[in-house]
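**Q** Got a sequence here, can you build the structure:
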Amino acid sequence: MNRRMKTTLARALNIDDLAAIAKRRLPAGLYEFIDRGAEDEVTMRENAASIKRVFFRQRVGVDVSQRDPSTTVFGVRQSMPLAIGVTGLSGMLAYDGERSLARAAAAAGVPYTVGTSNFAALADLKPICGDLLWRQIYPPKRRDILEHHLAVTRAAGVRVMVVTMDSPVAGNREYMRRNGFMPGFKNARTWREIMAAPHWMFGTLFRYMLDGGLPEIADFPEGERRFFQNPAPHATADDFTWDELRDLRRKWSDVLVVKGISSVEDARIAADCGVDGLIVSNHGGRSLDGCVPSMGALPRIVDAVAPRVTVLVDGGFKRGADILKAIAMGASSVMIGRATVFGLAAGGEAGVGRALEIFHEELRRALALVGRRNLAELSRDDLEF
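**A** Predicted coordinates for the structure are as follows:
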């Protein structure tokens, strides 16, 4: 990393600062892919707004000189109650982006979740992250692909499998059809935006082209890895039911997590299916617009299934204090998506590291100001909502 980049990242004091750098560096359509939601983006906005409507009841007169934001999730110690969630096309936001995310996550001591359309192989990422590497899949339309995913994940030694159930069909992201940033790059506007983003064009796109061409999906079967030209094998199942999740539970002997829960009813069904964890999520407002915001759904779901099931949450978390609110509500950890890929686009591995450093600093500061020394001391008594 050159001195100019180091200085730029050091001046980023919060996640919004990293987002501003990313916006300058990326083609406009690719930035929209990260930053925006579905349809009228009501749920995306409410995810963030609902967190801010929860307030702390600050306690004073407490010795907070020794503070520890670490926690244990699924039997693995991590430095803070944060995991990097799945973010589509992360391998296109910066050259070798998935390895950059993995290295930064491992250095910070937090989990990294690799998505289905990963350009870096699980087997290559596992030595970097160890047991902090998680695997996410969308239930594929072709069930043989599901069996393939399970086999590859087992072979890599990854323990945590996350199944996303909130997107049986793709959300309506009209801006993607307008800007052309989708498989194929067929929109002339796309190429104009690429030309207007020389840092990304030379630092990411051209590096891939010089290295043999656009990346392929590493962990799909041979002959079906061309994400950009042939998306058909990657189609998500619109007929995946709870019965099939029960069957998956029988096949997967390690940690099974279901993502995309926003109702108490579904949380209870997931628990009855035998999952180890669930993620309260509406896909970051990128799937069903008008879905209940995650923070609004969280307390009822915690009350319904915890501690039998480990509850995590995502959607709109950009501050360490936001994360503490979710922990006080009863969540075990918070999944971060946009924040870390803003860092990736802003400065590669160092940018992701800066995002995680910001969260860690804010968590420690917020613990002190709330009057708590560790996560176990937090409860809903610390909140007004």
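
**Q** Would you check that R77 makes contact with S70?
**A** Yes: between R77 and S70 there is a contact at 6.5 Å, judged by C-beta atoms under 8 Å. For the C-beta atoms, the positions are set from N, CA and C on the backbone; glycine is no exception.

**Q** so what's A326 up against?
**A** Contacts for A326 (C-beta atoms under 8 Å, 6 or more residues apart in numbering) come out as I51, P81, M295, L298, V313, F317, V334.

**Q** The residue lying closest to M165 once chain neighbours are set aside: how many residues sit nearby?
**A** Leaving aside its chain neighbours, M165 sits nearest to G260 (4.6 Å; criterion: C-beta to C-beta, 6 or more residues apart in numbering). Neighbourhood size, G260 [other C-beta atoms under 10 Å]: 24.

**Q** Assign G260 to helix, strand or coil.
**A** Assigned state for G260: strand (three-state reduction, DSSP: H, G, I helix; E, B strand; the rest coil).

**Q** How much space separates it from T153?
**A** 19 Å (C-beta to C-beta, to the nearest Å).

**Q** got any ranges where the stretch 251-385 of the chain has weak pLDDT?
**A** Counting by pLDDT under 70, the stretch 251-385 of the chain shows no low-confidence range.

**Q** Select the longest helix from the protein.
**A** Taking DSSP state H as the criterion, the chain has its longest helix at helix 338-370.

**Q** where does that one sit relative to the chain's centre, distance-wise?
**A** Distance of helix 338-370 from its chain centroid, counting by C-alpha atoms, centre = their mean, to the nearest Å, is 14 Å.

**Q** just stretch 35-44 next, same as before
**A** Centroid displacement of stretch 35-44 relative to its chain, using C-alpha atoms, centre = their mean, is 16 Å.

**Q** That one spans what distance, first to last residue?
**A** Distance across stretch 35-44, first residue to last, is 10 Å (C-alpha to C-alpha, to the nearest Å).

**Q** list the contacts for the residue nearest the centre of the chain?
**A** With distances taken as C-alpha atoms, centre = their mean, G85 lies nearest the centre of the chain, 1.9 Å away. Applying C-beta under 8 Å, 6+ apart to G85 gives the contacts T113, Q136, I279, D314, M335, I336, G337.

**Q** where's it relative to H283, distance?
**A** Using C-beta to C-beta, G85 is found at 10 Å from H283.

**Q** these two touch, right, the residue nearest to M165 and S167?
**A** Yes: taking C-beta under 8 Å as the definition, G260 is a contact partner of S167 at 7.0 Å.

**Q** Quick check: nearest residue in space to T116, chain neighbours excluded?
**A** What sits nearest to T116 in space, not counting adjacent residues and going by C-beta to C-beta, 6+ apart, is I137, at 5.0 Å.

**Q** who does V114 bridge with?
**A** For V114, the beta-bridge partners under DSSP bridges are R135.

**Q** For it, give me its contacts.
**A** V86, E98, A102, A120, L122, L125, L133, W134, R135, Q136.

**Q** Which members of these occur in helices, if any?
**A** Counted as lying in helices by DSSP H, out of those, are E98, A102, L122, L125.

**Q** Need the per-residue pLDDT for the closest residue to the last one other than its chain neighbours.
**A** Leaving aside its sequence neighbours, L125 sits nearest to A102 (C-beta to C-beta, 6+ apart; 4.8 Å). At A102, the model reports a pLDDT of 98.

**Q** From N47, how far off is A102?
**A** Distance, A102 to N47, by C-beta to C-beta: 26 Å.

**Q** hang on, I269 packs against W242?
**A** Yes: contact criterion C-beta under 8 Å: I269 and W242 qualify, at 5.6 Å.

**Q** which of these two has more neighbours?
**A** The residue with more neighbours, out of I269 and W242, is I269; 17 against 14, by other C-beta under 10 Å.

**Q** check contacts around the more buried one.
**A** By C-beta under 8 Å, 6+ apart, I269 lies in contact with W242.
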